[in-house]
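Student: Just need the structure, nothing else, for what follows:
(5 chains, ligands or ions: 5)
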Amino acid sequence: QENGQYMPQMVYRTGPYAPNGIPLANGEGDYLRLLNERDGGINGVPILIEECETAYNTDRGVECYEKMKNGGPTGAAQFSPYSTGITYALIERATADQIPIFSMGYGRADASYGKVFEYVFTAPATYWAGADAAIQYIKAEEGGDLSGKKIALVYHDSAYGKEPIATLEHLAGQEGYNLSLFPVPHPGLEQKSTWLKIGRQVRPDWVIMWGWGVMNQTAIKEAAAVGFPMERFIGNWWAGAEPDVRPAGESAIGYKALQFHGVAHDLKVHQDMKTHLYANGKGLADDESQVGEVLYNRGIVNAVISTEAVRTAMDHFGNKPMTGEQVQWGFENLNLTAERLEALGLTGLMSPLSLSCADHEGGGQARIVQWDGEDWRPASDWIVPNRAGFLSEAYEASAMQYANEKGLTPRDCN
Amino acid sequence: MSNQLRIALWALGAPVSVGLIGLLISAMPLIDSNFFFTWGYYLEVVTTGLLTGVLYSLVALGFVLIFKASGVFNFSQGAMVLFAALFFVGFMDKWGLHPALAFLLTAGVMILLAMLIERVVLRPLVNQPAIILFMATIGITYFLDGLGQTIWGSDVFTLDIGLPKDPMFLMEGTFEGGVMVNQFDIVAAVAAGAMVIVLAFLFQYTRIGRALRAVADDHQAALSVGIPLKTIWAIVWSVAGIVGLVAGVMWGSKLGVQFSLALVALKALPVLILGGFTSVPGAIVGGLIIGAGEKIAEIFFGGYIGGGIEDWFAYMLAMVFLLFRPQGLFGEKIIERV
Amino acid sequence: MIYREAGQFKTSYARDGGLYPIRQDRYGLIVLLLVAVFAVPMMSEYWLVTIFLPFLVMAVAALGLNILTGYAGQLSLGTGGFMACGAYAAYKLATAFPDLNIVLVFLGAGLVSALVGILFGIPSLRIKGFYLAVATLAAQFFILWLLNKVPWFVNYSPSGVISAPPRAIFGDIYVTGATATPEAKYLFALAVAALLALAAKNLTRCAIGRSWMAIRDMDIAAEIIGIKPMATKLGAFAISSFYCGIAGAMWAFIYTSSVEANAFEISRSFQVLFMVIIGGLGSILGSFLGAAFIVLLPILLKNAPEMVGLSIPVDVIAHIEFMIFGALIIFFLIVEPHGLARLWQIGKEKLRLWPFPY
Amino acid sequence: MSQAEASPAGPAPGEVLLKVDNISLSFGGVRALTNISFDVMKGEIRAIIGPNGAGKSSMLNVINGFYHPQEGTITYKGETRRKMKPHQAARTGIARTFQNIALFKGMSALENIMTGRNTVMAHNPFTAAVYLGPAKRSEIHHREVCERIIDFLEIEAIRKTPVGRLPYGLQKRVELGRALAAEPEMLLLDEPMAGMNLEEKEDMCRFILDVNEEFGTTMVLIEHDMGVVMDISDRVVVLDYGRKLADGPPDQVRNDPDVIDAYLGVAHD
Amino acid sequence: MSTAPVQSSAGEAPGATAPILSVNNIEVIYDHVILVLKGVSLEVPEGGITALLGANGAGKTTTLKAISNLLRAERGEVTKGSITYRGEQVDSMTPSELVRRGVIQVMEGRHCFEHLTIEENLLTGAYTRKDGWSAVKESLEMVYHYFPRLRERRGSQAGYTSGGEQQMCAVGRALMANPRVILLDEPSMGLAPQLVEEIFEIVRQLNAEQNVSFLLAEQNTNIALKYAKFGYILENGRVVMEGDAAELRENEDVKEFYLGIAGGDRKSFREVKHYRRRKRWL
Ligand SMILES: Nc1ncnc2c1ncn2[C@@H]1O[C@H](COP(=O)(O)OP(=O)(O)OP(=O)(O)O)[C@@H](O)[C@H]1O
Ligand SMILES: Nc1ncnc2c1ncn2[C@@H]1O[C@H](COP(=O)(O)OP(=O)(O)OP(=O)(O)O)[C@@H](O)[C@H]1O
Ligand SMILES: CC(C)C[C@H](N)C(=O)O
Ligand SMILES: [Mg+2]
Ligand SMILES: [Mg+2]
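Tutor: Ligands and ions are numbered 1, 2, ... in the order given. From the prediction side, this is the model:
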């Protein structure tokens, strides 16, 4: 068997979510390839890359997991399922198999509580943190007072879309706004009634969307069709990429979205991609111009965090392929400082991050960006989610409930 | 009762029932003081529903054609819509062809496809039970989904044939805020309507039409009187393919062209059973009822039970109608004899 | 030559009515079971968990649908909905009564689904054929919606995801939950599937099965010779949903361990329908063959290029897999519209005549 | 053939088993039956004849509850009924065969015949699923009954053949077997001999007569072969365009000028 | 039988005139395993009426379907031998081509189009005709003339007509194609006695006036031999006897097994006390 660090990728390049899944997978894959091409792998250990198609489908995700978990000399370093549903399905298995699940900006928010969820990592921000950031932004836009305002949540009617509800409800109690909920059944092709109701009856001050796939572009089109102002329409970070706005054309101009990383096209990492991969025809994307798109960048970020976790582990355990258990250690001791990011050519794309045994989220920040018809432009500063306050309490409470149900005893992190 | 008569009755009865339902709903604020109702809004909901319904009909139409003509429940209609749309945008975007040319070329592709399906799938399966043919069309579905995407990829294509997209406000004098309708929907509805009328004529009043119905009843007997199944099937599937193309263009410019487009077929199924598998006008009437019904239900009542009820509501609505007319509103009566 | 029944005389109706009147078949089955019990668990975890488990679970679902569609002739696309019922009912039962034996949990889940099945079977008294098929989609969509909407079903978990609590049989052999070994899960699923298959075989070879088939083949004539359409159809719905419910519970508890309602969406219903049709309508064996075909084929297709050393991008593989899958469905239908089970039977007939062609 | 009326030994003649009174049935504009009345005595073979489309089959459908007449009553075993579901009628002892063979195509001959016994078999899904025990006993018991019917109809060789593959004549025979399996008191036969050759018709007649003699089963028979009708029936009703044209013993009917006109064409010997 | 003009000699001996249809030693298998015809040969002379007789399951229907190429739709196939129509191999033609060239089959068991009205059923019969609406109309009138009952029920859906009416419809539908050769499969089944006579009269008339050839599978041996000129007897997938209709009628075996008049008189059905021991030519 080939020697190297086995880094399997779960991707969806087919099915209803393919338009969003493809750039994600390309970004992640390209970064891994870049490391191999440019640096000969991680700390000299080549990366063994394998893709498995899940079609954003939970049982195929499980199948991929089972197929790949023992790959390579040491088994899978980590899994990034790119689906909240798959994440849920894998948490127990992966914990039993001692393989980290890296659910970056999705999955179970309470998994940030590392004492219970040893093998799950949520860096840099969870949905709960995201929801909080969105409300903070709205509050600022409304001049600091939300009481009596109407906010609507349009969400993918699945485990994913339901994640922010509790947070938004909690904040509604605190801030005094009115929350109305609009579930959109998968895959979200038909949203006429949702938007007729929003645009002509409820007429909320703001709409937040937790959407994915076609649902996003359909929502933007329908919102435009009922004349809802794009400036007051905020998607979460999975509803704020080029495939979501481009199909809506002109009408998407002004649409906003939450991001946990920056917008950037010409960082060093992108240049490297072009010179080391695309110049030799080794890039995954059809076209060089796709390097630097939002989801592509997100794929890079995902790969950066996971490979840096591997590197951290290697620094500790030695430069050889790491086992899942060792990578878990790497994640928990990951400290991506500004300098490190600069060295990786990522300044502007990522903010610093530091994880620990107890905190698997790492303190990421979020910002609002806006679509101008050509590109995304920052529309706010970096927002710090209220982790010091209610969020960490909520994580702990929810995680403890999980522990109780499963009969787990939280570990001691000191 | 003849179909013509029934259609006339519907034409009269529909506005009346829309009004009556409106009256009923307008009484809701008596029960729930937060209930939102204005006549303008109600009309908006109804028109939106009707216009969406017509688009469902357009997809349902493809099903009807093939069912009527061969007794095959063509599950691949949705895939054909996607396939046609993929080729259409593919020709436009990747090859840079003029829309009209792309349309013609795609129509050609669909005809080719129809001939292929006839040769490879239908001919060897002649005289097999309906469920087997149904299954075969599911096979076709997979094949087309795979083929279309292998050729053109699974990205979203934006399909813009220059139809207007902005909302339009009617009757602003009568209702506060006017009644908002979508121009695009109107264009689509007109196209669908025209299509239906032409097809209804073609199939009801020509020699071919009769032969098609004969084939649907009994393949073997149709063969025995000399009806060339080969040609008939190639024709029908071609027409269904072209209907699929039109539906693909309409839905594609609404939703963008990508995999999920095939799923609009699921929205056409309740339309289909409500109208009756065998009736072209039924597809339209069914579409209107389902479209308006599901929108009214979702918008006015969905909130009470958590929302997102459209999908099953359409099916339930269709089922309720079926309990009274098991063959659908305009379907051919199911013959029960010993 | 090998397959000769000559010389095997049946001297009583009891023997003739036996499960496998022909000796070769009987021995074949025993060997198969022995292999399944002793040899298969030696295979790799990957095989057990991603191939054999879903195969067994889906085979149970296919048995259920085959009873309804293959035997009783009621075309249904609501299988996913009934499976979901079973999964959620099992979850509720298991969490509400932590001490309840897992076998009873499964039975209970089956019964709940059976009730739901009866409810959604009522339209079948009036609606037939494809109209019924589309009407059963109402069940499919409604059940999923309901499970998604009412938090009680998921014990108020905000995500709507249920995950199987660990449960054991014979005291300490865990068959569900994270600590259960793949072997234990597999053997448990095997036992459930085998028992259910036996029960299905029994049901279909006696009076009940005959009344189902009568309704399927010619409902009016069946009624005229005295078969009660209502009892028969609803009975078929009930038993079919019972099977599907257990399959759903197995899916949630043994196979994926955690599900959201979406796991049972419409494509699941279609998947089961494929199994039934490809395997053979009205055949118990067919349910298994169909399930094997539909579960194995995609995995095979997905891994085939790798096995022969080709590296093709996953999306291209996925698309080609679609195409091949579709083409194979059509191919098999053309070769034998009555399914794999019939192909098997014809094969046997040929063997019997061998070496003569007919 | 002069002994037509001399009913063979059987239950006391004269006892009316079935009486239809003033039955009228129409479908939209089509009047299938107009004011039909006749009766069937216990143990007799009663033929219904008439031109095509006269309403014969419809009459049988009325008797076993498949069609519901707009007017008129049916009195069966002394009980008058108006509307009844076919399966209820079957449970009162009425069995039938069909003009267009209505066998269950997916089953073997034996299974078809066993299905005929459904009205007398228990249906308990729980015991059936386990099979051993009560279900098995019942299966075997009923199987024996059916095997007797199979012997009687001389179709031993095809008992395991799927009926779809059988030639027409044998299918008709299996259908008769299925009806007999219900041990009916009254058997409605709709053209049981259509599509048979002479030899097979003779066999069929023999079966009908034997059943009639042995079990005293009352028969209502529709047939276009006048030879058969005149030879084996006790009394004949003639329908024409939904009306009753004549009713009486074969000899009388065959010489009735109206009947000759409307149906027989020429006097039949 | 006074009308038979010039061609009356056509049926004398097959082969004397070129046969319009000839079946040479064909073998038919259903479902790849069920061998049904084991070498059947027969000929239909131009302008002849040929009867195909035999017990149930002998293979009459199968033979007809092999000729009209409908076998494929039943998953049956001709594995040996050949069938020619006017010297051309039939198996290269689709059923619809055959109909266009004048060979049409009336299928056993009626097979009407249930959802079409009687009149629409009849009109589908004229699908392949190219000679204009008025000619079709004429044929329609002719069919209605033959079967007045059909005229009465012209507007009813065929599925709701009586068995006999459907049989008339099936025969009428074939006549609408204006065929040269008609393969009639049990035309008399389910018809009232006077209609049976009528159907055969129609056969004779078409044969005599328009020189239409017939291949006739019939259980009613009596009447079939009365109208046919030549007959074949099929048993178990083989032709066991053939000859002029008149000859066959005199044959003792035929008399006994098919006509039921062995030893002089016809027996009453009531008196057939013993079951006949079947004698078969094997
Ligand atoms: N369900 C129905 N709907 C409409 N018309 C019907 C229906 N059933 C029977 N008819 C009509 O009623 C008349 C009588 O039909 P029926 O089947 O009773 O005739 P029959 O005497 O059995 O004729 P045959 O000897 O041809 O079988 C026919 O004209 C038929 O078309
Ligand atoms: N589709 C089929 N599949 C299998 N076997 C068949 C099929 N059709 C006919 N057979 C068999 O072929 C044999 C000949 O049948 P065929 O219908 O040709 O007989 P026939 O002479 O027309 O009889 P009948 O007088 O009953 O119509 C029969 O034994 C029958 O069981
Ligand atoms: C890319 C995905 C992780 C986003 C997705 N909608 C989810 O399941 O959370
Ligand atoms: Mg009749
Ligand atoms: Mg025949």
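
Student: how about the residues of the stretch 101-250 of chain D that lie near chain E?
Tutor: Residues of the stretch 101-250 of chain D lying close to chain E (Cβ under 8 Å from any Cβ of the partner chain) are D:154, D:165-170, D:191, D:194-203, D:205-206, D:209, D:224-228, D:231-232. The C-beta positions use only the backbone N, C-alpha and C, and glycine is treated the same way.

Student: List buried residues within those.
Tutor: D:165-170, D:191, D:194-203, D:205-206, D:209, D:224-228, D:231-232 (16 or more other Cβ atoms under 10 Å in any protein chain shown).

Student: Tell me how far whatever helix or strand residue B:215 lives in lies from the chain's centre.
Tutor: Using DSSP states H and E, the element containing residue B:215 is helix B:207-217. Computed by Cα atoms, centre = their mean, to the nearest Å, the separation of helix B:207-217 from the middle of its chain amounts to 21 Å.

Student: what's in contact with that helix?
Tutor: B:67-71, B:202-203, B:221-222, B:225, B:227, B:229, B:232-233, B:235-236, B:278, E:113-116, E:120-121, E:123-124, E:127 (Cβ atoms under 8 Å, 6 or more residues apart in numbering or on different chains).

Student: Kindly report the same for stretch B:138-150.
Tutor: A:14, B:75-76, B:78-80, B:82-83, B:86-87, B:113, B:117, B:121, B:259, B:262, C:270, C:273-274, C:315-316, C:319-330, C:333.

Student: Among the residues you listed, which lie within helices?
Tutor: Members of the contacts of stretch B:138-150 lying in helices (criterion: DSSP state H): B:78-80, B:82-83, B:86-87, B:113, B:117, C:270, C:273-274, C:315-316, C:319-330, C:333.

Student: now the strands for the stretch 101-250 of chain B?
Tutor: Counting by DSSP state E, counting those that start in this stretch, one finds strands in the stretch 101-250 of chain B at the ranges B:167-170, B:179-182.

Student: Give me whichever of those strands is most buried.
Tutor: Looking across the strands of the stretch 101-250 of chain B with neighbours counted as mean count of other Cβ atoms under 10 Å in any protein chain shown, the highest average goes to strand B:179-182: a mean of 22.

Student: ok, it: who's next to it in the sheet?
Tutor: Strands that pair with strand B:179-182, judged by DSSP bridges, come out as strand B:167-170 (antiparallel).

Student: what does the partner strand rub up against?
Tutor: Contacts of strand B:167-170 (Cβ under 8 Å, 6+ apart): A:225-227, B:177-183.

Student: for those, which one is nearest ligand 1?
Tutor: Proximity of the contacts of strand B:167-170 to ligand 1 (Cβ to the nearest ligand atom) peaks at residue B:181, which lies at 46.5 Å.

Student: Tell me how many other residues crowd the residue in the stretch 151-300 of chain A positioned nearest to ligand 5.
Tutor: The minimum distance from the stretch 151-300 of chain A to ligand 5, using Cβ to the ion, falls at residue A:189 (53.2 Å). Per other Cβ atoms under 10 Å in any protein chain shown, the neighbour tally for residue A:189 reads 21.

Student: And for the one 3 residues further on?
Tutor: Residue A:192 is surrounded by 25 other residues when neighbours are defined as other Cβ under 10 Å.

Student: quick one: pLDDT of it?
Tutor: pLDDT recorded at residue A:192 is 87.

Student: For it, give me its contacts.
Tutor: Contact analysis of residue A:192 by Cβ under 8 Å, 6+ apart lists A:222, B:48-49, B:52, B:295.

Student: those strands in chain A, which residues are they?
Tutor: With DSSP state E, the ranges of strands along chain A come out as A:5-11, A:47-53, A:101-102, A:120-121, A:150-156, A:178-184, A:206-210, A:233-235, A:256-259, A:335-336, A:353-354, A:367-371, A:376-378.

Student: Reformat those as CSV; add mean pLDDT, mean neighbour count and distance to chain B.
Tutor: Putting the strands of chain A into CSV (pLDDT from 0 to 100; neighbours: other Cβ atoms under 10 Å in any protein chain shown; distance: least, Cβ to the nearest Cβ, whole Å) gives the following:
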stretch, mean pLDDT, mean neighbour count, distance to chain B
strand A:5-11, 95, 26, 12
strand A:47-53, 92, 21, 11
strand A:101-102, 96, 25, 25
strand A:120-121, 96, 28, 29
strand A:150-156, 95, 24, 10
strand A:178-184, 93, 20, 4
strand A:206-210, 96, 27, 14
strand A:233-235, 96, 27, 16
strand A:256-259, 95, 26, 17
strand A:335-336, 92, 18, 32
strand A:353-354, 92, 18, 31
strand A:367-371, 95, 22, 15
strand A:376-378, 93, 16, 17
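
Student: what ranges do the strands span in the stretch 51-200 of chain D?
Tutor: Under DSSP E, counting those that start in this stretch, the stretch 51-200 of chain D gives strands at D:71-76, D:79-81, D:94-96, D:186-190.

Student: Alright, I will stop here.
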